[in-house]
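> Return a 3D structure for these sequence lines:
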Amino acid sequence: QENCCLPKCAAFTCLADYVSDDAQTDSTTYTQENCCLPTCAAFTCPADYVSDDAQTDSTTYTQENCCLPTCAAFTCPTSYVSDDAQTDSTTYTQENCCLPTCAAFTCPTSYVSDDAQTDSTTYTQENCCLPTCAAFTCPADYVSDDAQTDSTTYTQENCCADGESTTASSTSPAVMATT
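Next up, the predicted model:
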């Protein structure tokens, strides 16, 4: 009688994080490996991934199904850096995982990129760009010094010329008629 009956998987008690394999109910290979399927709850996700809580009971036992990538696994494009505050986030997008640097900033007309701020993540015109003399408004009695248009030494002394001396240095028709 000892040899007459073999237990079937239908009677097997699976370990925690495993469920009965319905395809093996009548099998007499009475083992955990044969009678049970692992669920995502038993899956060990690799570094930079976390368990997908929505898939805990799933028997599709793969990394793609059981795990979610975190921002730590995201490769940011050129001119962007990883956002350290989002390392553990599973919102796996460039907008969430990366911060733009000044290298990605487009400066407006009359401004140039500040090379000293290329890697900065303070992504503002004030931080990423330097005004040139082309953006400088000279006071009354001064004119823009055209030779300094592209200069980033943004001062009146550098960007402006005395209006009288500039006018006097040019030859006007009245001056030519008297010579």
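> Thr44 - how many residues pack around it?
By the criterion of other Cβ atoms under 10 Å, Thr44 has 9 neighbours. C-beta coordinates here come from the backbone N, C-alpha and C atoms, glycine included.
> Now it: which helix or strand?
If you go by DSSP states H and E, Thr44 is not part of any helix or strand.
> List the residues that contact it.
Not one residue lies near Thr44 by Cβ atoms under 8 Å, 6 or more residues apart in numbering.
> Could you give me the buried positions within stretch 122-137?
Cys128, Cys129, Leu130, Pro131, Thr132, Cys133, Ala134, Phe136 (16 or more other Cβ atoms under 10 Å).
> I'd like the list of those residues that fall within helices, please.
Secondary structure defined by DSSP state H assigns Cys128 of the buried residues of stretch 122-137 to helices.
> List just the nearest of the buried residues of stretch 122-137 to Tyr111.
For those, the minimum distance to Tyr111 (Cβ to Cβ) is 4.1 Å, reached by Cys129.
> pretty sure the closest one contacts Tyr111?
Yes: between Cys129 and Tyr111 a contact is recorded at 4.1 Å, counting by Cβ atoms under 8 Å.
> Let me see the ranges of the strands in this protein.
When secondary structure is read from DSSP state E, the chain shows strands at 18-20, 36-38, 49-51, 67-69, 80-82, 98-100, 111-113, 129-131, 142-144, 160-162.
> in the third one, what's buried?
Looking back up the chat, that one is strand 49-51. Within strand 49-51, judged by 16+ other Cβ under 10 Å, the buried ones are Tyr49.
> Also stretch 79-89?
Neighbour counts over stretch 79-89 (16+ other Cβ under 10 Å) mark Tyr80, Asp83, Gln86, Ser89 as buried.
> Which of those residues sits closest to Val143?
Using Cβ to Cβ, Tyr80 is the member of the buried residues of stretch 79-89 that sits closest to Val143, with 42.3 Å.
> can you count the residues close to the nearest residue to Cys45 once chain neighbours are set aside?
Nearest non-adjacent residue to Cys45, counting by Cβ to Cβ, 6 or more residues apart in numbering: Cys67, 3.8 Å away. Cys67 has 21 neighbouring residues, counting by other Cβ under 10 Å.
> before we move on, what about the one 4 residues further on?
Using other Cβ under 10 Å as the criterion, Cys71 is surrounded by 23 other residues.
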